[in-house]
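In: Attaching a predicted model along with its sequence, questions to come.
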Amino acid sequence: MSEVLTALKAKFPQATDRPSSDHPAVNVPIGELVAVLGHLRDTGYDLLMDMTAIDWAEGASPRFTVVYHVMRSTKGGDYVRVAANCASATDPVVPSVVSLWPGADWHERECYDMFGIKFEGHPDLRRILMWDGYPYFPLRKEFPLAGIETPLPDAEITAETGAKVIAAPMQGGPFVASPGEVNLTDAEPRAKDESWSDRRPQPGQEPLKQVKE
Amino acid sequence: MVSSNTELGYNTKVEGEVMVSRADAVINWIRNNSMWPMPMGLACCAIELMATASSRFDIARFGAEVMRFSPRQSDCMIVAGTVTYKMAPHVRRIYDQMAAPKWVIAMGACASSGGMYRSYATLQGVDRIVPVDVYVSGCPPRPEALLDALMKLQAKVKREPSSKRLLSA
């Protein structure tokens, strides 16, 4: 185990090891999160590289976990990963670390936008990617990739064009690349289920004949 | 005795100070050769749009080099890139602010159909909010493809009954 984790666990006895294949990682109770991150920042891990969240699944307990990566930017350049579980699955609340790193501001706004995790003490917790008033949190597990039908952000434009946010036509998607494919045409991102494609022969149907030009 | 005309070029003295043509032809000729684009650069297609404007491809050869960043002064909106639902109302509003006559080129897969972004955040084709005249395939399209779209649009404008529309407007 790395020195930094030994020192951290001596200072915060409630911190436990977190399985990790790369950087030293630690689980901490959500109440100690700011204290642990503050301690790390003051002992050399002065750069918050990333801050994100995990949604384990609907009904899972804990449902949401927030993950922080801090880096020693001036010497070594090594990382520490800190994770904390949210207490509530329906109304996840995490203390904000904007007081430690002003750069955490937009990370936390994105996390709120995508997962609906509220950051207590954040100076300006608004959506950052989706528009204000969007009714869903798109990276939650119950939200479909194609989206859910809602009005456009601007009511005037909606009235003028009749357009709205629609569930994207997936047509057998999601569209994924085939890693390791040598043929570049076959390696293009495509739907794994191509039963919809009229280029593939359908069951009980003559395959389409190639028309010579 | 009347001598035959030996002039090779156009000589106004022959016909007087007057040329005769159709109003449509004149109006469309003017519109064709000064089609100022509104560069709606939203993603990587905008890089190709810039390449089209610069010296190697030189969109000025077709009279469309004057990228107007004001909708009031532009004729042809080139939607170059992914239109998100958050951006869609603004695209439509800028289209509304353009003075008629106005045209739209949907440049690239994303603007034409949503492209590879089959997701909750991306408008599935800019034709859901503005009327599109020419679609350009490609991801992103080569500058030649955009020039081809511009020429297709010019061919389309050449056939428009412009004087009739002006009189009925």
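Out: Happy to help now that I have it. Numbering: from 1, shown residues only, chains lettered A, B, ... in the order given.
In: Tell me, how many residues neighbour residue 137?
Out: By default, I'm working from chain A. For A:F137, the count of nearby residues is 18 (other Cβ atoms under 10 Å in any protein chain shown). (C-beta placed from N, C-alpha, C; glycine too.)
In: wrong chain, I was asking about chain B
Out: Residues lying near B:S137 (other Cβ under 10 Å) number 13.
In: same question, the one 10 residues further on
Out: Look at B:L147: counted by other Cβ under 10 Å, it has 19 neighbours.
In: Show me which residues of chain B are close to chain A?
Out: B:85-86, B:88-89, B:92-93, B:96, B:114, B:116-124, B:128-130 (Cβ under 8 Å from any Cβ of the partner chain).
In: Show me the residues you listed that map onto helices.
Out: Using DSSP state H, the subset of those located in helices is B:A88, B:P89, B:R92, B:R93, B:D96.
In: Verify the stated contact: the third one with A:T161.
Out: Yes. Using Cβ atoms under 8 Å, B:R92 is in contact with A:T161, at 6.2 Å.
In: Need the residues touching each of these two.
Out: Counting by Cβ atoms under 8 Å, 6 or more residues apart in numbering or on different chains, the shared contacts of B:R92 and A:T161 are B:I129, B:V130.
In: So between these two, which is more surrounded?
Out: Using other Cβ under 10 Å, the more surrounded residue of B:R92 and A:T161 is B:R92, with 23 against 17.
In: Type out the ChimeraX command that picks the buried ones from the residues of chain B next to chain A.
Out: For the buried members of the residues of chain B next to chain A, the matching ChimeraX selection, counting by 16 or more other Cβ atoms under 10 Å in any protein chain shown, is:
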select /B:85,86,88,89,92,114,117,118,119,120,121,122,123,124,128,129,130
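In: Leaving out sequence neighbours, find the closest residue to B:Y95.
Out: In this structure, B:Y95 finds its nearest non-sequential neighbour in B:V130, 4.7 Å apart by Cβ to Cβ, 6 or more residues apart in numbering or on different chains.
In: so the one you found touches B:I105, yeah?
Out: No. With contact defined as Cβ under 8 Å, B:V130 does not reach B:I105; the gap is 10.7 Å.
In: Mutual contacts of those two, please.
Out: Contact with both B:V130 and B:I105 is made by residues B:M77, B:V79, according to Cβ under 8 Å, 6+ apart.
In: nearest to chain A, of the ones in helices among the residues of chain B next to chain A?
Out: B:P89 (3.4 Å; Cβ to the nearest Cβ).
In: Could you report the neighbour count for the spatially closest residue to that closest one that is not a sequence neighbour?
Out: With sequence-adjacent residues excluded and distances taken as Cβ to Cβ, 6+ apart, B:P89 is closest to A:D154, at 3.4 Å. Residues near A:D154, counting by other Cβ under 10 Å, number 17.
In: can you check B:A80 too?
Out: Considering only other Cβ under 10 Å, B:A80 is surrounded by 29 other residues.
In: Settle this for me: it is touching B:M107, isn't it.
Out: Yes. Counting by Cβ under 8 Å, B:A80 touches B:M107, with 4.4 Å between them.
In: Need the residues touching each of these two.
Out: The contact lists of B:A80 and B:M107 share B:C45, B:E48, B:L49, B:P140, where a contact means Cβ under 8 Å, 6+ apart.
In: farthest-separated two in the residues you listed?
Out: Maximum pairwise distance in those, criterion Cβ to Cβ, is 8.6 Å, between B:L49 and B:P140.
In: the strands in the chain, which residues?
Out: Picking chain A for this. A:16-17, A:25-27, A:47-55, A:64-71, A:79-85, A:93-95, A:118-120, A:150-151, A:164-165, A:175-176, A:190-191 (DSSP state E).
In: wrong one, I was asking about chain B
Out: B:37-41, B:76-80, B:103-107, B:134-136.
In: Output the ones you listed in CSV; the columns should cover mean pLDDT and distance to A:K192.
Out: Output for the strands of chain B, formatted as CSV (pLDDT from 0 to 100; distance: least, Cβ to Cβ, whole Å):
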stretch, mean pLDDT, distance to A:K192
strand B:37-41, 93, 33
strand B:76-80, 95, 31
strand B:103-107, 96, 28
strand B:134-136, 96, 27
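In: Reformat those strands as a markdown table; add distance to A:R63.
Out: Formatted as a markdown table, these follow (distance: least, Cβ to Cβ, whole Å):
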| stretch | distance to A:R63 |
| --- | --- |
| strand B:37-41 | 40 |
| strand B:76-80 | 40 |
| strand B:103-107 | 41 |
| strand B:134-136 | 44 |
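In: Contacts only, for B:R128.
Out: A:T161, A:A163, B:A88.
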